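1. missing the sequence, but the structure's below:
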């Protein structure tokens, strides 16, 4: 059975998977990530199955949705339904979810988008730029996806402005 274990310290298992799963431009530096955890702004959920580490989620509890900043499953567990179970449990626990994903320029990005769409996520139609995590870095063009929202009530502008303000400090 899968479970989420809230943590306020980033374990070596999470660090290893975080660095393997996300290119440097898509990762917040670990000291900043750890500071946000200590301050309580950012949440880290270690994903465990039968007591064993299988992945993690870095997320933010915002006004009326949860923003998934980073989500990764151990490569050994991928393709076995673990990610689907995790997102289903996350939706049951938090309700409205928002996340960023790469545009469908690569086979991996296309697969990721299909995964989220199969779980009920839809893309906001507007262009979304993720601010750079590091000074001097360029913003990334990404897709902002949501699950559980009525788009009339949750406009792209409202959601993206809150993410920019709370997550990226803009």
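-> That came through, no problem. Since the model is a prediction, treat every value here as computed from it, not as a measurement.

2. Residue 43 reaches residue 67, doesn't it?
-> No - judged on C-beta atoms under 8 Å, residue 43 makes no contact with residue 67 at a distance of 10.1 Å. Any C-beta I mention is one placed from the backbone N, CA and C, and that applies to glycine too.

3. Touching both of the two, which residues are there?
-> Counting by C-beta atoms under 8 Å, 6 or more residues apart in numbering, the contacts common to residue 43 and residue 67 are 59, 60.

4. Between those two, which has more neighbouring residues?
-> residue 67 (23 against 18; other C-beta atoms under 10 Å).

5. Secondary structure element holding the residue nearest to the more buried one when sequence neighbours are not counted?
-> Nearest residue to residue 67 in three dimensions, chain neighbours excluded: residue 60, at 4.4 Å (C-beta to C-beta, 6 or more residues apart in numbering). Element membership of residue 60, judged by DSSP states H and E, is strand 52-61.

6. quick revisit: burial count for the residue nearest to residue 67?
-> Look at residue 60: counted by other C-beta under 10 Å, it has 18 neighbours.

7. Just list the residues touching it, thanks.
-> By C-beta under 8 Å, 6+ apart, the neighbours of residue 60 are 41, 42, 43, 66, 67, 69, 163, 166, 167.

8. so residue 85 sits in a strand?
-> No - counting by DSSP: H, G, I helix; E, B strand; the rest coil, residue 85 falls outside a strand, being helix.

9. Now for it: which residues touch it?
-> By C-beta under 8 Å, 6+ apart, residue 85 lies in contact with residue 2.

10. so where do the helices sit in this protein?
-> 12-21, 30-39, 82-94, 107-118, 156-166 (DSSP state H).

11. Any idea how far apart the tips of stretch 93-100 sit?
-> End-to-end distance of stretch 93-100 (C-alpha to C-alpha, to the nearest Å): 20 Å.

12. for the record, mean pLDDT for it?
-> In this model, stretch 93-100 has an average pLDDT of 94.

13. Also stretch 116-123?
-> 94.

14. and the residue lying closest to residue 21 once chain neighbours are set aside, what does it touch?
-> Among residues not flanking residue 21 along the chain, residue 72 sits closest, at 3.9 Å (C-beta to C-beta, 6+ apart). Shown in contact with residue 72 (C-beta under 8 Å, 6+ apart): 17, 18, 20, 21, 22, 55, 56.

15. Run through the protein and note the low-pLDDT ranges.
-> 151-154 (pLDDT under 70).

16. Relative to residue 47, how far out is the residue nearest to residue 21?
-> 9 Å (C-beta to C-beta, to the nearest Å).

17. joint contacts of these two?
-> Listed as contacting both residue 72 and residue 47 by C-beta under 8 Å, 6+ apart are 55, 56.
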